[in-house]
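Engineer: For reference, the sequence and a predicted model appear below.
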Amino acid sequence: MDNNTFDQDRIIKINIEEEMKSSYIDYSMSVIVARALPDVRDGFKPVHRRILYGMMGIGNTSDKPYKKCARVVGEVLGKYHPHGDSSVYGALVRMAQDWNMRYTLVDGQGNFGSVDGDSAAAMRYTECRLSKMGEHIMDDLEKETVDMMNNFDDSLQEPSVMPTKIPNLLVNGGNGIAVGMATNIPTHNLGEVIDGCCAYIDNPDIDTEGLMQYIKAPDFPTGAYIYGIQGVKDAYETGRGRIVMRAKAEIESTESHDKIVITEIPYGVNKAQLIEYIADLVKEGKLDGISNANDESGRQGMRIVIDVKKDANANVILNKLFKMTALQSSFSVNCIALVKGRPRLLTLKDCVHYFVEHRHDVTIRRTKFDLRKAQERAHILEGLIIACDNIDEVVHIIRGSKTPSDAQRNLEKRFELDELQSKAIVDMRLSQLTGLRMDQLHAEYEELEKLITYLQSILDDPELCKKVMKDELLEVKEKYGDPRRTEIKYSSEEFNPEDFYPNDPVVITISHLGYIKRTPLSEFREQARGGVGSKGANSREQDFTEYIYPATMHNTMMFFTKKGRCYWLKCYEIPEGAKNSKGRAIQNLLNIESDDSINAFLRLRGLDDPDFINSHYVVFATKKGLIKKTSLEAYSRPRANGVIAINVLEGDEVVGVRLTNGHNELLLADRNGRAVRFSENTVRAMGRVSTGVRGMRLDEGDDEVVGMVVVNKPEEETIMVVSENGYGKRSQVEDYRVTNRGGKGVKTLNITEKTGRLVAIKVVTDENDLMIINKSGILIRLKVSECRVMGRATQGVRLINLTKKNDVISSVCKVMSSDLEALVEAESRKEWAQTSEAFKNDTQAIPTDTDSDDDTLPDISDEDKFDEQ
C-alpha cells in the first residue's frame, strides 16, 4: 500500500486487546446509564424524558391541538436525542398505550397499535399531545428544581431528571435490557403508591411489611388476577420475585353447552396470539373438550369466548387453559434502576425512599426559588412604595435630572435606594401614580411578606416541609387516583393436578396377569350385565379380571411389591381403557426393578385427611411368618421412585398387605394347613423401614405363609381355604380360636396326599364368587354360596377337576358377584344412596393376590359415593 494513502504521523499504534476492553466498558456504561435503565427518581430513561421535554418545548400540551408525531420525533431527534427515529417513535407510542402504561403520559390520536400486537401507524399519520398527567411530570421545572445539562452538541439545555410529583418508577414500571443486566418493574396503582409514600414520610423506619399495608401488590393496566402473594413479597423485600398472573374468566351456561368467557388477560399477553395458540392446541389433540374459540371484543371491552363441548367439564378445561396457555403467566420482577448514576437492585422501600428524597429536594429547591423571587419583588415594592409616599419630590428630582441615569443616582442618594429600586421608579408609568395603584402596591407588599414568612418556615421547619410534600401527593391522588384493576387472590400459586380431572366415578380393573385400566362408570354400566368376573378376558393369555371395584378419579392407589417397596398412583394417572381393552401393565406405570413384582394393592380415598391417616395402619405379612404394623401416616408422602414399605429379609417376600383400624383381628395360614388368629393389638406399631415381628411359627423345611386375612364381621363372614389339588371348604370364623401371636395356630384343612398343601385363604360371604385357575390355564368361577360350611379340620370338597398329571392350583381370588352389577345398575337409576350400604365395605380396600377381605375399613365417605358430580 502506498505510504501516502494515510498521514503516517496521525496513526497511533495501540494494543487491540486493551482498546477493546476500554471501548467496550465505555459502550456498556453508556447503554446502562444513558439508554436502557430508568432513573430511580422519576422512573424515566433519557429518551422518555427528552420526548416529554421536547413536547413541552413546542407547546404540545393537553389544552392545545394535537401535533403530528413526526413533528415531535423531529424535535426530539434534532435537539436532544441523536439516535434512530424508530426508537424515539416507539418510546412515544408506548407512553400512549393504555394496555402497556398504567397511566398514559401521552394522549395519542390515530392508530397507536392494539393489545392484539398490531403495530402503530407510521408517525406521519398519528398525532399526539401531552396528557394532563404528563404535564404534571414537569410541574415546577422552570423553578430550578432540577439540574440542567447540555444537550449532545452543547447548544441547548435539558433536564437531568424530571421534578415529578408522580412516583412514576412504581406507577408505570418499566423494562430494559442493558449490558450484563436487565430491569423489569411492574406497574402499580397511583393511589396505593402515594399512600405508601405518605406513610414513609410519616415514618421513615417503616418496613416492607408496613408498606405492603398500603402498596398491596402490582396493579396491571390489563387487570386480571395476581395469584398468590409470596412472589410479591419476594419482589418487594429483595427486588427480585416471580408474580403469577391469571386471566379473569367466567363460565356461562347455555341450554346446549357451557362457555368460558375471558374478560381480562395477564399483562403483556398478546390476545390474538393467545387465541391462535388455543386453536393450535385443539388441532394437535393436546387440549380436548373445546369446539370453538372466538374474539368478541369491542367497545364494551375484551371478551374471548371459548365454547366447551357438551360432554366436557368447563372447570377442568379452564384449569387446563391456565396450565397450558398464557392465560396464566408470570411477571419476573428485577427492580434495577439508576441511583446517583449507578445501577442498583432496589426493594420496595428503596424505591419509595429515593422518590420521597427526590420530592424533598425538589420542594426545597422550589421553595428557595419562590422565596428568592418573592424577596426580590418585595425589595422592588419597598422602593415603589417610598416613591409613592414622596411622589412630588420624586417627580421634581426626575424632572431636574438630565438623563435617566442621573435620575437614578439622584433618587438613590435622596431616598437610600439601590440600583434595582431606582430603575423601577424611573421606569414606572404615570398611570401607576393613581391612588388605586398605590393601594394595590401596599396590599401586594403585605401578601409578599406573608408569603416570605411561609416559605422561610418551610425551609426552617422539617415537619412543615413534610406536610407540603404530603399535601401535594394527596392532591395528585385525588385528581388522578382510580380503583385497583388487578385483583389479588391470596392462594397457592401452583396447580393441583386434581384441578385437571373432575372427580367423576370410574371403575378400576386389574387383571390376573397384572394389567390395569380405568373405565368411566357410564361405559362400565354397559358391560356390567355381561358378567363382572370374566369381562374383558384374554383367551390367548388366559388372563381374566381379578379385581374390579368402583372409585373416583381423585382416589389414591397404593402398590406393594414382593420385595417390600411401596408405590402410589392417583386414579386419574391410570390409563383409561375401553370396556374390552386389556389395559396397561402395572410394571410400566411404576419405577419397579426388573426382578421385583407387584403382589398387593390398597385403594384410599385420599392421603390429605390427617384424622384418617393417623387412625389407620398398614399391616404386612411375609411368607416367613413375619408381620408388621405401621401407621398409614408413614406412607402419606408419595414419591415417584417409591419408598421402602417394609425391610424384607433375604429369602423372604411380602404375601399380604391390609389396611386396618388398629383393633381388627388377623388370621395367617401356612402351606401345611394351619392358621393362627390373634388380635391386632398384640402387634405394636413400628417404623416404615422396620422388619416386623413373628406372626406365625412355621414348621421346619419348606413351610411358608400363604395368606393373611382380616376378620371384621365374624358373624357374617366365613373362612375359605383352597388346596393345591383343587379341594376347598368354608368354616365359621369362631372355629378358629384366638391365640397368641407367634404360635403355630390350629388346623384349618386336613392336609392329605389327595388334597395337597394349602395355597390360599380368603374371608368370604355368600354374595362373593371365587375364581380358581390352575397351571394349565384352566379357570373356573363358582359361587361361594354353593360351597357348604364345614368343620375347621375337614379336608373339604373338590372345587375343580385337574385332568393333567402334576397339575396344581396356581391362584385363587375372590371376585365381585352380582352385587357390583346391582350397584352399577342402581347408580344408573339414581338409586345409589339406597343400595350402596351393602357394598360400602367392599369398596374400601382393594383385595390382594393373597387376600381378598374387603371389610376392614369403616364406611366410605361421601366422596367415595357415585353421586352426580
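Structural biologist: Yep, that arrived.

Engineer: so what's the residue sitting furthest away from the middle of the chain up against?
Structural biologist: Going by C-alpha atoms, centre = their mean, the residue of the chain most distant from its centre is residue 400, 89.0 Å out. Residue 400 sits next to residue 410 when contact means C-beta atoms under 8 Å, 6 or more residues apart in numbering. C-beta here means a position set from N, CA and C on the backbone, and glycine is covered the same way.

Engineer: List the buried residues in stretch 118-137.
Structural biologist: 120, 123, 126-131, 133-137 (16 or more other C-beta atoms under 10 Å).

Engineer: same check, this time on stretch 288-306
Structural biologist: 289, 290, 293, 297, 302, 304, 306.

Engineer: that older thread, what about the buried residues of stretch 118-137, which are in strands?
Structural biologist: Among the buried residues of stretch 118-137, the ones falling in strands (DSSP state E) are 127, 128, 129, 130.

Engineer: and these, which two are the farthest apart?
Structural biologist: 127 and 130 (12.3 Å; C-beta to C-beta).

Engineer: any shared contact partners between these two?
Structural biologist: Joint contacts of residue 127 and residue 130 (C-beta under 8 Å, 6+ apart) do not exist.

Engineer: Give me the phi and psi for residue 629.
Structural biologist: Note on residue 629: its backbone torsions stand at phi -120, psi 130 [degrees, to the nearest 10].

Engineer: try the one 5 residues further on
Structural biologist: In terms of degrees, to the nearest 10, the main-chain angles of residue 634 are phi -70, psi -10.

Engineer: you'd agree it is up against residue 687?
Structural biologist: Yes. The pair residue 634 / residue 687 is scored as a contact, 7.2 Å apart, by C-beta atoms under 8 Å.

Engineer: The two - which one has more neighbours?
Structural biologist: residue 634 (18 against 10; other C-beta atoms under 10 Å).

Engineer: Could you pull out the strands in the stretch 201-350 of the chain for me?
Structural biologist: 225-227, 240-246, 248-253, 258-264, 290-295, 304-308, 328-334, 336-339, 342-345 (DSSP state E, counting those that start in this stretch).

Engineer: Quick one, which of the ones you listed gets closest to residue 727.
Structural biologist: Between the strands of the stretch 201-350 of the chain, strand 304-308 lies closest to residue 727; by C-beta to C-beta that is 58.6 Å.

Engineer: Hey, what's the angle from the closest one to strand 290-295? Just curious.
Structural biologist: Here strand 304-308 points in a direction 170 degrees away from that of strand 290-295 (axes from the mean of the first three to the mean of the last three C-alpha atoms, to 10 degrees).

Engineer: Residues touching strand 304-308, excluding its own?
Structural biologist: Taking C-beta under 8 Å, 6+ apart as the rule, strand 304-308 contacts 257-263, 265, 271, 274-275, 278, 289-297, 314, 317, 321.

Engineer: and residue 797, how far is that from residue 327?
Structural biologist: 66 Å (C-beta to C-beta, to the nearest Å).

Engineer: ok, these two, which is more surrounded?
Structural biologist: residue 327 (26 against 12).

Engineer: could you say which helix or strand contains the closest residue to residue 456 other than its chain neighbours?
Structural biologist: Spatial nearest neighbour of residue 456, excluding adjacent residues (C-beta to C-beta, 6 or more residues apart in numbering): residue 371 at 6.4 Å. Using DSSP states H and E, residue 371 sits in helix 348-389.

Engineer: And residue 169, by the same measure?
Structural biologist: helix 168-171.

Engineer: can you tell me the average pLDDT over stretch 463-478?
Structural biologist: Averaging pLDDT along stretch 463-478 yields 96.

Engineer: What residues sit buried inside that stretch?
Structural biologist: Buried-residue list, stretch 463-478, by 16+ other C-beta under 10 Å: 465, 466, 468, 469, 470, 472, 473, 474, 476, 477.

Engineer: Are we agreed that the last one is in a helix?
Structural biologist: Yes. When classified by DSSP: H, G, I helix; E, B strand; the rest coil, residue 477 is found to be part of a helix.

Engineer: what residues are up against it?
Structural biologist: Counting by C-beta under 8 Å, 6+ apart, the residues that residue 477 touches are 190, 191, 194, 195.
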